[in-house]
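A.B. asks: Fold the following for me, if possible:
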Amino acid sequence: MKRLPENDGDKVSNLTNENLKEKPEANRPSAPARREFLRSSLVGAAAIATAAAKPLVAEESAPRSANSVVYSGDVAAFELDEITISDLQDGMKSGKYTSRSITEKYLARIDAIDKQGPAINAIIELNPDALSIADAMDQERKEKGPRGPLHGIPVLIKDNIDTADKMMTTAGSLALLGSRAPKDSTVAQRLRDAGAVILGKTNLSEWANIRSNHSTSGWSGRGGQTKNPYALDRNPCGSSSGSGAAVSANLAAAAIGTETDGSIVCPSSTCGIAGIKPTVGLVSRTGIIPISHTQDTAGPMCRTLRDAAILLGALTGIDNGDPATAESREHSYTDYTQFLKEDGLRGARIGVVRRTFGFNEDVDKVMEAALETMRKQGAILVDPAPIESAGKFGESEFTVFLYELKADLNAYLSKLGPNAPVKTLKDIIEFNEKNSTKEMPYFGQDTFLKSEEKGPLTTQEYIDAVAKARDLARKEGIDATMDKNNLDALIGPTGGPAWLTDHINGDSFGGGSSSTAAVAGYPNITVPAGFVHGLPVGISFFGRAWSEPVLLRVAYAFEQATKARKAPGFAPTLNI
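C.D. replies: The predicted structure follows:
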């Protein structure tokens with residue numbers, strides 16, 4: 001996934017994919033932080049009413065542009081607009097709703113505005129078994145009561161997360177079309193164990209934005225282009241773009257995204273929702289199409305931080321298939337809502353990472369208002385609280401990605417069995433070349449090619465890069481800054497307002513604050529902070545490893561004090 005560039009000192013960085021290569025290495029997006037997003041056509045409203053949706057089928061025609069659907073109408077009011085997980089549970093308890101009725105309503109909503117009307121194009125495939133799962137959850141509720149807060153709740157997951165069902169897992173690539181996982185990912189299994197209804201899979205930036213450093217977020221060969229629900233010609237950002245757009249547009253109660261560097265927090269920010277990028281190891285990565293085992297993680301994306309905390313609690317736990325989870329044994333919880341305190345900012349020492357400011361005057365105004373809110377809520381602001389090593393590990397991060405992408409992806413593909421459509425990164429590269437008109441109409445596979453040239457993980461270049469990146473981001477980075485200033489959390493703008501989707505020039509990231517926490521493998525929580533010309537921007541709270549309880553406390557207090565989230569209006573474009 002392509003990460004957001006962070007500002008270097010007092011310099012204002014407004015880099016595009018085309019000019020990034022001309023900039024110093026410290027300012028360059030260290031790696032494709034893009035997670036795949038796949039799309040296809042959905043079932044019609046009549047089919048939704050009578051049966052679960054059918055898997056989407058990739059079109060054989062050339063990929064459609066971002067603006068191929070012109071929309072100028074209004075979106076009808078939706079009964080479940082902005083409803084929370086707790087509201088849905090209360091509705092099922094009272095008999096107002098059943099899991100089936102909720103699932104049917106979301107399926108109808110998807111048909112009405114994801115594939116028709118504004119055509120957000122956030123969903124790549126629906127689960128044909130969704131309604132039967134909902135029925136089973138309703139029956140179980142009658143006989144035994146609910147399993148917990150997610151019982152019967154429809155949840156969307158990103159299409160790089162394995163499900164052992166009738167849905168494919170393709171990372172948005174036509175190279176994996178038809179690929180069905182032999183077993184559930186741990187994330188999918190934990191959702192099922194919690195009683196959730198896996199409603200479908202979301203589109204994403206193909207291969208999680210790792211194929212090329214010149215890609216367009218939210219586009220995949222299989223899925224096409226996901227749109228931002230606040231302005232349809234704007235970009236939803238990051239590889240978890242479909243998850244962000246879907247939740248914001250009220251296509252499901254909650255969604256799962258994945259992040260390597262920015263792919264949960266960036267789409268959460270530009271789509272006006274809350275997102276949690278956990279400490280690496282808190283949530284298992286088994287059965288998730290990888291980029292980098294040192295930085296990859298799945299995490300919740302929801303309209304409220306309380307919903308995200310509920311979802312996070314269902315995902316945690318030790319998984320013998322993912323050694324990184326062993327470290328979470330003394331640090332994980334099944335209920336993160338216990339840390340949500342409306343007065344959570346009182347007495348909290350918050351470090352302001354000024355280096356991440358300055359890329360957009362309007363974003364700075366939103367951030368200054370956020371700082372004033374924190375002061376009024378009793379926070380002690382340490383301003384500035386510089387991370388001295390920031391900007392020094394970008395090249396090392398990218399080197400790590402190149403090595404781990406090849407090793408980790410080949411390992412994942414080997415587990416798909418003999419019928420896997422592709423078996424190695426080399427096979428994928430060859431497939432893309434043979435199918436370039438469909439897979440590479442806008443950008444190539446420069447990062448794939450660089451990765452394929454790399455050797456094994458025993459190579460000294462790789463070992464040195466991992467050590468350097470981690471040391472600079474952890475010991476000399478977040479840990480040093482927090483120790484020096486006795487901080488509870490660090491803050492910075494998650495990113496800028498959504499840019500115009502541009503398949504010719506690629507993404508136009510302005511700035512952001514995701515990289516240090518991403519490279520360190522530390523947690524990062526974003527919540528809506530305000531708007532710039534009608535486009536949402538988020539604020540990030542990040543800190544030490546396993547500090548999710550502290551970050552939830554302060555981020556929730558800020559969210560409750562501001563209530564900045566506003567539902568999207570699906571405008572065709574901004575009138576400014």
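
A.B. asks: show me the contacts for the spatially most central residue of the chain.
C.D. replies: Per CA atoms, centre = their mean, the C-alpha nearest to the average position across the chain is that of Ile264, at 2.6 Å. Contacts of Ile264 were listed using CB atoms under 8 Å, 6 or more residues apart in numbering, and they are Gly238, Ser240, Gly257, Thr258, Gly275, Ile276, Lys277, Gly299, Met301, Asn524, Thr526. (Each C-beta comes from the backbone N, C-alpha and C, glycine too.)

A.B. asks: what about the spatially closest residue to the second one that is not a sequence neighbour, how many neighbours?
C.D. replies: Going back to what we said before, that points to Ser240. Across the structure, with CB to CB, 6 or more residues apart in numbering as the measure, the residue nearest Ser240 apart from its sequence neighbours is Gly257 (3.0 Å). Around Gly257 sit 35 other residues, with neighbours defined as other CB atoms under 10 Å.

A.B. asks: same question, Pro456
C.D. replies: Neighbours of Pro456 (other CB under 10 Å): 9.

A.B. asks: tell me the secondary structure for the nearest residue to it once chain neighbours are set aside?
C.D. replies: Excluding the flanking residues, the one nearest Pro456 by CB to CB, 6+ apart is Ala407, at 7.0 Å. Following DSSP: H, G, I helix; E, B strand; the rest coil, Ala407 is assigned to helix.

A.B. asks: ditto for the one 10 residues further on
C.D. replies: Following three-state DSSP, we place Gly417 in the coil state.

A.B. asks: how near is it to Gln338?
C.D. replies: Separation of Gly417 from Gln338 (CB to CB, to the nearest Å) stands at 42 Å.

A.B. asks: likewise Ile380?
C.D. replies: Going from Ile380 to Gln338 by CB to CB gives 24 Å.

A.B. asks: So those two - more neighbours on which side?
C.D. replies: Set side by side, Ile380 and Gln338 give different neighbour counts by other CB under 10 Å, the larger being at Ile380 (17 against 12).

A.B. asks: who are the neighbours in contact with that one?
C.D. replies: With CB under 8 Å, 6+ apart, Ile380 has these contacts: Gly347, Ala348, Arg349, Ile350.

A.B. asks: most surrounded residue in those?
C.D. replies: Sorting the contacts of Ile380 by how many neighbours each has (other CB under 10 Å) puts Ile350 first, at 24 neighbours.

A.B. asks: secondary structure class for that residue?
C.D. replies: Here Ile350 is strand, with the state taken from three-state DSSP.

A.B. asks: Helices along the stretch 51-200 of the chain, start to end?
C.D. replies: With DSSP state H, counting those that start in this stretch applied, the stretch 51-200 of the chain shows helices at 85-94, 99-109, 130-144, 186-193, listed in chain order.

A.B. asks: want to throw the ones you listed into CSV with mean pLDDT, distance to Asn213 and mean neighbour count?
C.D. replies: Formatted as CSV, these follow (pLDDT from 0 to 100; distance: least, CB to CB, whole Å; neighbours: other CB atoms under 10 Å):
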stretch, mean pLDDT, distance to Asn213, mean neighbour count
helix 85-94, 98, 37, 16
helix 99-109, 98, 35, 22
helix 130-144, 98, 37, 17
helix 186-193, 98, 28, 22
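
A.B. asks: Let's have those in CSV, adding distance to Ala498.
C.D. replies: Putting the helices of the stretch 51-200 of the chain into CSV (distance: least, CB to CB, whole Å) gives the following:
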stretch, distance to Ala498
helix 85-94, 26
helix 99-109, 22
helix 130-144, 30
helix 186-193, 27
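
A.B. asks: Any idea which of these gets closest to Asn228?
C.D. replies: Using CB to CB as the measure, helix 99-109 is the one of the helices of the stretch 51-200 of the chain that comes nearest Asn228, at 17.5 Å.

A.B. asks: buried ones in the helix or strand harbouring Met482?
C.D. replies: When elements are assigned from DSSP states H and E, Met482 belongs to helix 479-485. Across helix 479-485, burial judged by 16 or more other CB atoms under 10 Å covers Asp479, Thr481, Met482, Asn485.

A.B. asks: tell me what the following helix or strand past that helix is packed against?
C.D. replies: Along the chain past helix 479-485, the next helix or strand (assigned with DSSP H and E) turns out to be strand 489-493. Here strand 489-493 is seen to pack against strand 349-352, helix 361-376, strand 535-542, helix 548-562 when contacts are counted using 3 or more CB pairs under 8 Å, 6 or more residues apart in numbering; DSSP states H and E.

A.B. asks: And the strands in the stretch 101-250 of the chain, which stretches?
C.D. replies: 123-126, 154-158, 197-202, 219-220, 224-225 (DSSP state E, counting those that start in this stretch).

A.B. asks: can you check the stretch 251-400 of the chain too?
C.D. replies: Using DSSP E, counting those that start in this stretch, the strands found in the stretch 251-400 of the chain span residues 254-259, 274-277, 297-302, 349-352, 380-382.

A.B. asks: Given the third one, what are its sheet partners and their directions?
C.D. replies: Just to be clear, that refers to strand 297-302. For strand 297-302, the paired strands and their directions (DSSP bridges) read strand 254-259 (antiparallel), strand 274-277 (antiparallel).

A.B. asks: Please identify which of the ones you listed is closest to Met137.
C.D. replies: Proximity to Met137 (CB to CB) singles out strand 254-259 among those, at 15.3 Å.

A.B. asks: where does the chain have low pLDDT?
C.D. replies: With pLDDT under 70 as the threshold, the chain has low-confidence stretches at 1-70, 72.

A.B. asks: which residue of this structure sits farthest from its center?
C.D. replies: In the chain, the greatest distance from the average C-alpha position (CA atoms, centre = their mean) is reached by Glu143, at 36.0 Å.

A.B. asks: State the distance from it to Leu315.
C.D. replies: Look at Glu143 and Leu315: by CB to CB, they are 26 Å apart.

A.B. asks: Near the residue nearest to Pro456, how many residues? Count them for me, please.
C.D. replies: Other residues near Ala407 number 19, with proximity taken as other CB under 10 Å.

A.B. asks: quick one: it from Thr424, how far?
C.D. replies: Distance check for Ala407 against Thr424: by CB to CB, it reads 11 Å.

A.B. asks: Counting neighbours, which bits of stretch 170-181 end up buried?
C.D. replies: Applying 16+ other CB under 10 Å to stretch 170-181 flags Thr170, Ala171, Gly172, Ser173, Leu174, Ala175, Leu176, Ser179, Arg180, Ala181 as buried.

A.B. asks: Can you pick out the most distant pair from these?
C.D. replies: Across the buried residues of stretch 170-181, the longest distance by CB to CB is 17.4 Å; it joins Leu174 and Ala181.

A.B. asks: Serialize the buried residues of helix 479-485 to TSV and add fields for distance to Gly496.
C.D. replies: Putting the buried residues of helix 479-485 into TSV (distance: CB to CB, whole Å) gives the following:
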residue	distance to Gly496
Asp479	28
Thr481	23
Met482	26
Asn485	26
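
A.B. asks: Pick out whichever of these sits closest to Glu548.
C.D. replies: For the buried residues of helix 479-485, with Glu548 as the reference and CB to CB as the criterion, the closest is Met482, at 14.9 Å.
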